[in-house]
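>>> Take a look and give me a structure for this.
(one chain, ligands or ions: 2)
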Amino acid sequence: MSTATPSTQTGSCLCGAVTYNLTGAPFSSFLCHCANCRKFTGSTYQANSMYAGRDSLTVTKGESNLSVHAYNNTTSGNTLRRHFCKSCGSPLFIYPDAAPGVVVVMSGGLDDPAAFAPTKECFVKDRLPWVTPIEAAQFEAVPPHR
Ligand SMILES: [Zn+2]
Ligand SMILES: [Zn+2]
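Ligands and ions are numbered 1, 2, ... in the order given. Presented below is the predicted three-dimensional model:
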């Protein structure tokens, strides 16, 4: 566990209707360049922090303002339940069906996103040509996260 990672973090969607607390440190912090993540975020890659235990994340406001999109056209065939704000559309977190003890948090929603430091990049074959790779963090698909 890095000392730079706070043990409690907060985050929200853009409009603030949904807020959450995170406890503990992520066991994996990574960028994903796959088309699935690119489309969902509307950005050029997705920044993720993986936490062990779904109780690592507590929605502190706006639980009823969450929508869930179950997406199963993934490389692995496993369904990803992508949670986002009904009002502003911000992607917030994912429950992967294949890993019921894991919650994946979109790091851009953190109130202190500087604490997010990726150590892995996934699906680098899909990385856009003008994005600079992080040395020694390159994975063709999904790396071991622990
Ligand atoms: Zn919102
Ligand atoms: Zn992805």
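>>> give me the low-pLDDT residue ranges for this structure?
Along the chain, segments meeting pLDDT under 70 span 1-6, 146.
>>> List, one by one, the residues from it near ligand 1.
For the chain, the residues found near ligand 1 under the criterion C-beta under 5 Å from the ion are Cys13, Cys15, Ala17, Cys85, Ser87, Cys88. For every residue, glycine as well, the C-beta is placed using N, CA and C.
>>> export these to a markdown table and tack on neighbour count and secondary structure?
What follows is the residues of the chain next to ligand 1, written out as a markdown table (neighbours: other C-beta atoms under 10 Å; DSSP: H, G, I helix; E, B strand; the rest coil):
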| residue | neighbour count | secondary structure |
| --- | --- | --- |
| Cys13 | 25 | coil |
| Cys15 | 14 | coil |
| Ala17 | 17 | coil |
| Cys85 | 21 | strand |
| Ser87 | 15 | coil |
| Cys88 | 14 | coil |
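>>> Just give me the closest of those residues to Asn48.
Distance from Asn48 was checked for each of those by C-beta to C-beta. The minimum falls on Cys13, at 16.4 Å.
>>> hang on, Asp55 is in a strand, isn't it?
No. Assessed with DSSP: H, G, I helix; E, B strand; the rest coil, Asp55 is helix; it does not lie in a strand.
>>> Pull up the gap between it and Ala47, please.
22 Å (C-beta to C-beta, to the nearest Å).
>>> One more: Glu121?
In this structure, Glu121 and Ala47 are separated by 10 Å, where distance is defined by C-beta to C-beta.
>>> so what's in contact with the two at the same time?
Common neighbours of Glu121 and Ala47 (criterion: C-beta atoms under 8 Å, 6 or more residues apart in numbering): Phe30, Leu31.
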